[in-house]
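Chemist: Fold the following, please.
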Amino acid sequence: MCGTVGMFVGCSALSYCPRSLLAAHAARPTGDGSRIPAVEEDAGGEDAGGEEYRSAFQTWYERASVRQAPRRTVAEGDTALRFFSPDLVPVAHHPLVKALPEPVFDQILVQHLYRYLDFTAKLEYLVVNRTLVGIAHGSTGVRLPQEMRFDALKMYCDEAYHALSAVDLMRQVEQHTGIRPRLPDEPFFLRRLQQILAELPAEERGLAELLFVIVSETLISASLAEIPDSDGLVPAVRESIRDHAVDEGRHHAYFAVFLRHLWAQLSTAERQFAGRLVPRLMDAFLLPDLDSLRAELAGYGLSKEQVEQVVGEVYTPEVLSRHSRATSRMTRRYLDRLGAFDDPRAQAELHAHGYAS
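Modeler: Got it, this is the predicted structure:
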C-alpha cells in the first residue's frame, strides 16, 4: 500500500487566514492561564527545548525542487512503460485482477497514479498551505523563532510547486493515454476530516487542524519512501515522486520541531485531547477509500461478488493495521517522547485504531 489515501480541509481553516486576523487581535489562553496575542513571534532562535533552532532549509535556494528541478514531462514512447508500480497497488496482486486483460490492468495502474496525484495536489493547496500561511504570518497562536516562520514560507513555495507538478503530470498522462481519471467528486480525506472536525467543539478545531498537518507531514515522507526506483516506471513519474520526497524530508524535520513548540504551549487538557485525537487523524490519512475502489473495480467488469472478494481478501484488518503501524512509526515516536500517549484514554484509542505495538 502506498499510503497516499486520505485527507481533508474545509473553510474552518479560515481561522488561520491572515486577512481575518489583521483587524482582530483576539487573544488565546496559554497553558499557564496567561494570554498571548494571536500574532506573536519569539525574538530569538531557540526552540521549545531551549536549544538553537537548526533549520533544514539552509540550502533551500540551491536544492529545493521549485528552485532547480526541470519540468517533468511524459514522452511519446513512455506509454510502453508502467505509470505506477504494481507493487504499490494492493489489488494488482489479487488473482481476479491479474487475470484481467493487460490493457485493463494498465488502466488500474494509471488510475492509481491519478489518485496519488489528486491526493497530493489537494493535500498541499487545501490543507498544508493554509496552515503554513498561518505559521508564517503568526496567526496560529504558536510562538516560534523568526527563522521558523521564514522557513514556513519556503515550505509554502514547495507545496504549491508539488500541487502544480501533480496537476501538470495528471494532465499529461491523460493526454498521452486517453484514460480519463475516475476520481470521486470530493476526495476521501476531505470527507473524513470534515467529519472529525464537525464532531469537535469549535474551540478545539484549530488545534485539530494543526495536529493533522503535523501528522500528514511526518507520515508522507514515509509513504514516499515506498516508491521504488524502478526503470520500468515512466521517468516523469519516478522523477516527480523523487522531487517530492526530497522536499518532504525537510518538511518532516521541520514539523518534528514544530510539534515540540506546539506541545510546550499546550495545557494539560489540550495535550490529553491531542493524544486521544491523533489516532483518528492518522486513520484519515492512511485508510483507503474502499467505496471508491469498489466502484472502480466494478467498472472493469468484475461482478459484485468478485469485487467484494478482492476488497475483502486484499484489505484485511491485519494488513491495514500492519501498514498503518509501519508508516506511522516515526510520528508515534515523536508524540510518545512528549508523553502524548501516557493518558490511558489515548492508549485505548491507539489500540482501537490498530496502532498499538
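Chemist: what sits against A160?
Modeler: A160 sits next to V66, E124, Y125, N129 when contact means C-beta atoms under 8 Å, 6 or more residues apart in numbering. Every residue, glycine included, has its C-beta placed from N, CA and C.
Chemist: So which of these wins on neighbours?
Modeler: Within those, neighbour counts (other C-beta atoms under 10 Å) peak at E124, which reaches 27 neighbours.
Chemist: separation between that residue and P181?
Modeler: Distance, E124 to P181, by C-beta to C-beta, to the nearest Å: 18 Å.
Chemist: and if you look at F273?
Modeler: F273 is 38 Å from P181, by C-beta to C-beta.
Chemist: how much space is there between T268 and E186?
Modeler: Per C-beta to C-beta, T268 is found 36 Å from E186.
Chemist: next one: R72
Modeler: In this view, R72 and E186 are 27 Å apart by C-beta to C-beta.
Chemist: Pick out whichever of the two has more residues nearby.
Modeler: Per other C-beta under 10 Å, whichever of R72 and E186 has more neighbours is R72, with 20 against 10.
Chemist: May I have the phi/psi pair for the more buried one?
Modeler: phi -90, psi 120 (degrees, to the nearest 10).
Chemist: residues contacting it?
Modeler: S165, D168, L169, P235, A236, V237, E239, S240, D243.
Chemist: Show me which positions of the strand or helix carrying the second one end up buried.
Modeler: Using DSSP states H and E, D168 sits within helix 146-177. For helix 146-177, the neighbour count (16 or more other C-beta atoms under 10 Å) marks 147-149, 151-152, 154-163, 165-170, 172-173, 176-177 as buried.
Chemist: And stretch 196-214, by the same measure?
Modeler: Buried residues in stretch 196-214, counted by 16+ other C-beta under 10 Å: I196, L197, R205, G206, L207, A208, E209, L210, L211, F212, V213, I214.
Chemist: Just list the residues touching the first one, thanks.
Modeler: In this case it means I196. Going by C-beta under 8 Å, 6+ apart, the list of residues near I196 reads F8, A208, L277, R280, L281, A284.
Chemist: Please identify which of the residues you listed is nearest to G301.
Modeler: Ranked by distance to G301 (C-beta to C-beta), the contacts of I196 are led by A284 at 31.7 Å.
Chemist: low-scoring stretches of this protein, by residue?
Modeler: 1-51, 220-231 (pLDDT under 70).
Chemist: Spatially central residue for it, please.
Modeler: By C-alpha atoms, centre = their mean, the mean C-alpha position of the chain lies nearest to S216, the distance being 3.5 Å.
Chemist: tell me the contacts of that one?
Modeler: Residues in contact with S216 (C-beta under 8 Å, 6+ apart) are M7, L123, V127, V128, F285.
Chemist: Over to C157?
Modeler: Counted by C-beta under 8 Å, 6+ apart, C157 has contacts A64, V66.
Chemist: if I look at it, how far off is A245?
Modeler: Using C-beta to C-beta, one obtains 17 Å as the distance from C157 to A245.
Chemist: residue ranges of the helices in the stretch 101-250 of the chain, please?
Modeler: Using DSSP state H, counting those that start in this stretch, the helices of the stretch 101-250 of the chain run over 102-122, 129-137, 146-177, 188-198, 202-224, 235-264.
Chemist: How about the contacts made by Y61?
Modeler: Y61 neighbours (C-beta under 8 Å, 6+ apart): R67.
Chemist: heading toward the C-terminus, what's the first helix or strand past the helix or strand where it lies?
Modeler: Using DSSP H and E, Y61 sits in helix 60-63. Reading on from helix 60-63 to the C-terminus, the next helix or strand found by DSSP H and E is helix 65-68.
Chemist: Need the contact partners of that following helix.
Modeler: Applying C-beta under 8 Å, 6+ apart, the contact partners of helix 65-68 are 60-62, 157-158, 160-162, 165, 243-244, 246-247.
Chemist: What residues of stretch 69-88 count as buried?
Modeler: Under the neighbour-count criterion of 16+ other C-beta under 10 Å, stretch 69-88 has A69, R72, V74, D78, L81, R82, F83, F84, S85, P86, L88 buried.
Chemist: Run a quick check on L117 versus A166, I expect a contact.
Modeler: Yes. Using C-beta atoms under 8 Å, L117 is in contact with A166, at 4.2 Å.
Chemist: which one is L200 nearest to, not counting chain neighbours?
Modeler: Once flanking residues are discounted, L200 sits nearest to A208: 5.8 Å by C-beta to C-beta, 6 or more residues apart in numbering.
Chemist: Please disregard the earlier target; I meant V128.
Modeler: Per C-beta to C-beta, 6+ apart, closest to V128 is E159, 5.1 Å.
Chemist: Spit out the contact partners of the one you found.
Modeler: E124, Y125, V128, N129, L132.
Chemist: which one of the residues you listed is nearest G354?
Modeler: V128 (25.2 Å).
Chemist: Great, nothing more from me.
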